[in-house]
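**Q** Let me see the structure of the following:
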Amino acid sequence: MPNKKNLNILDCTLRDGGYYNNWNFSKKLLNEYINSISKTDIKNIEIGFLTLPFDGQKGITANCDHNFFKKIDVPGNINLGIMINATDFLNKNEIEEKQIIKTIKKLPKSKVKFIRVACHFKHLFKVTKFFKILKKRGFKIFLNIMQISDISDLEISRTCKVYKNLADVIYFADSFGSINEKQFKKIIIKFKKNTTLELGIHAHDNMKKALKNTIMASKNGVRWLDSTILGMGRGPGNTKTEELVKSIYGNSSKTTREIKKLLPEFNLLKKKYNWGTNKYYWLSGKYKIHPTYIQMLLSDNRYKNFNYTEVIQNLKKYKASKYNPNTLYLAMDFYQNKSTLKNFSKKEPKINKDIIIFGNGKSLQNKNVISKKLISQSTKILINRSKYVEDDNMDIIVYCHPLRLITDIKLLKKSASNLLLPYNSLPNIIKSQIDKKNIINFDLKLGKNIRFNRNSLIIPKPLGLIYALGYLISRGVKKVYLAGFDGFEADNPFKDETQVYINHLKKSFKNFKIISLTKTKLNF
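**A** Numbering: from 1, shown residues only. Below is the predicted model:
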């Protein structure tokens, strides 16, 4: 192990860990964490992201602007830093660029000691303008190169040349957790041949290589070492701080003892969010699949009956190194069927004046929340399945999301209710398992903007409620009641765009009314 005085451990728990709780760390935990770290030999904390522009859907450590730093105390021996995603700098107009610069200028240099910019190598030479601005403001600047396993020798040489005077440290991130020690050592040697800047490593633990690679890097001249408490971070997580300090400072050191004091609090978070490596993350590392695909599958109980291995095997056929939920659906041959529209002879069911759409929110636990009279005189529509209402009592059951369709395919085969489905847009293997006599066919394609007519809907993401609302509006419906659409908790990193799309529908169809019969976080 190299001289401990030459090493800089950078703990980024509250930044990287936010991918599990939507960056909703409590102020109490935040202050306890900073105070505990200040008692160790760790002097560098990356406290969170500076999201540009401010994102009100995310929690406190996703928006580390000047207002954030007013709320926290920083011990004098701690260097506090933030991360900015380089994509926040891209494709901005003049007004947006001025706002970014204004936000950066407001950051308190007395508290913010370094700024790290996370950048895919394909964007490295498109954001130099902003590095110059950051450098001029006097911050210590880290360039964090993502997916380092894919970078070429030529790109390393060019990067080192361009960033010679723009960055203080060059970090490389093993985004897929797939690089072994031998491969990583070669990358380090190539960088050292091309630059005199300090180097840093950010290792992911998909294939349980994070700690080994970090220790190896420290022995080969890398001076900045990333870690997180209990490895809390996107996907399988990162090098664990408690293991790293034990390796460097020893089990009986004050640093190791202080870090151990933080473990109970973070163990509660781990029990809730269940991060950590497993065979699925291992496969994602092997095939260079973005870990968020796996995190999404494992974090959502709706998908627990799905064959994750099959999904991963299909994903490897696509360019899945960047996360896009639509890639998952396309991998299963959804939404790309080019057959002509099929209309079935069965007449669509009559839609009553009153319509209730049911979801699966806990607000439906109270059976008396909706009057029996209203229920009896309404057309009853169910989105997917619900724990709180019976399928047999529904006039129409709606499915459009691939994983929900696949999960419930056996139930759909037995259902006597009318099924509103994008039948045309389903893969043949799914079509073959559905009895067409119950189907209301309303086509669905994925596209940038919401558009629909009497036969089909185009939407960016397949959300069941929006699909059903599009169908009803196309049939001339002016008002619907909702029940059991509770909305997402603030710490859920997988919030969907339901609210965004509802806002779009309200703006486009001003006479269309949505009334919630149950308590909800959504704004109708």
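**Q** could you point out the longest strand in this structure?
**A** Assignment by DSSP state E gives strand 112-120 as the longest strand of the chain.
**Q** Buried ones in the helix or strand following that one, by neighbour count?
**A** Scanning the chain past strand 112-120 towards its C-terminal end, the next helix or strand to appear is helix 128-136 (assignment: DSSP states H and E). Neighbour-count burial for helix 128-136 flags Phe130, Phe131, Ile133, Leu134, Lys135 (criterion: 16 or more other Cβ atoms under 10 Å). Yep, even glycine has a C-beta here, placed from its N, CA and C like the rest.
**Q** Would you give the sheet partners of the longest strand of the chain, along with the direction of each?
**A** Taking DSSP bridges as the criterion, strand 112-120 pairs within the sheet with strand 79-85 (parallel), strand 140-146 (parallel).
**Q** Can you say which of those strands is nearest to Lys350?
**A** Closest of these to Lys350 is strand 79-85, at 50.6 Å (criterion: Cβ to Cβ).
**Q** hmm, back to that, dump the strands paired with strand 112-120 to CSV, plus mean neighbour count.
**A** Shown next, in CSV, are those (neighbours: other Cβ atoms under 10 Å):
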stretch, mean neighbour count
strand 79-85, 22
strand 140-146, 23
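**Q** Report the backbone C-alpha coordinates of the helix or strand where Ile375 lies in CSV.
**A** Secondary structure assignment for Ile375, by DSSP H and E: helix 372-377. Included here for helix 372-377 are C-alpha records, laid out as CSV according to Å, rounded to 0.1, in the frame of the first residue of the first chain:
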residue,chain,number,x,y,z
LYS,A,372,-72.0,2.3,-3.9
LYS,A,373,-74.5,4.3,-6.0
LEU,A,374,-71.8,5.9,-8.1
ILE,A,375,-70.1,2.6,-8.6
SER,A,376,-73.3,0.9,-9.7
GLN,A,377,-74.1,3.5,-12.3
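**Q** What mean pLDDT does it get?
**A** Helix 372-377 shows a mean pLDDT of 92 in the predicted model.
**Q** Same check on stretch 485-497?
**A** For stretch 485-497, the mean confidence score works out to 78.
**Q** before we move on, back to that, between the strands paired with strand 112-120, which one is closest to Gly359.
**A** Evaluated over those, closeness to Gly359 peaks at strand 79-85, with 32.7 Å, by Cβ to Cβ.
**Q** contacting residues around that closest one?
**A** Identification of contacts with strand 79-85 by Cβ atoms under 8 Å, 6 or more residues apart in numbering yields 10, 12, 15, 34, 43-52, 64, 74, 107, 111-118, 140, 142, 144.
**Q** change it to 6 Å
**A** Strand 79-85 is touched from outside by 15, 43-47, 49-50, 64, 74, 111, 113-118, with contacts defined as Cβ atoms under 6 Å, 6 or more residues apart in numbering.
**Q** How many neighbouring residues does Asn424 have?
**A** Asn424 has 21 neighbouring residues, counting by other Cβ atoms under 10 Å.
**Q** Would you mind giving me the confidence score for it?
**A** With respect to pLDDT, Asn424 has a value of 85.
**Q** That one touches Asp443, doesn't it?
**A** Yes: contact criterion Cβ atoms under 6 Å: Asn424 and Asp443 qualify, at 4.6 Å.
**Q** where do the contact lists of the two overlap?
**A** Shared contacts of Asn424 and Asp443, defined by Cβ under 6 Å, 6+ apart, are not found at any residue.
**Q** so where is this structure shaky, pLDDT-wise?
**A** Filtered on pLDDT under 70, the chain yields the residue ranges 1-2, 301-306, 330-333, 336-346, 493-494.
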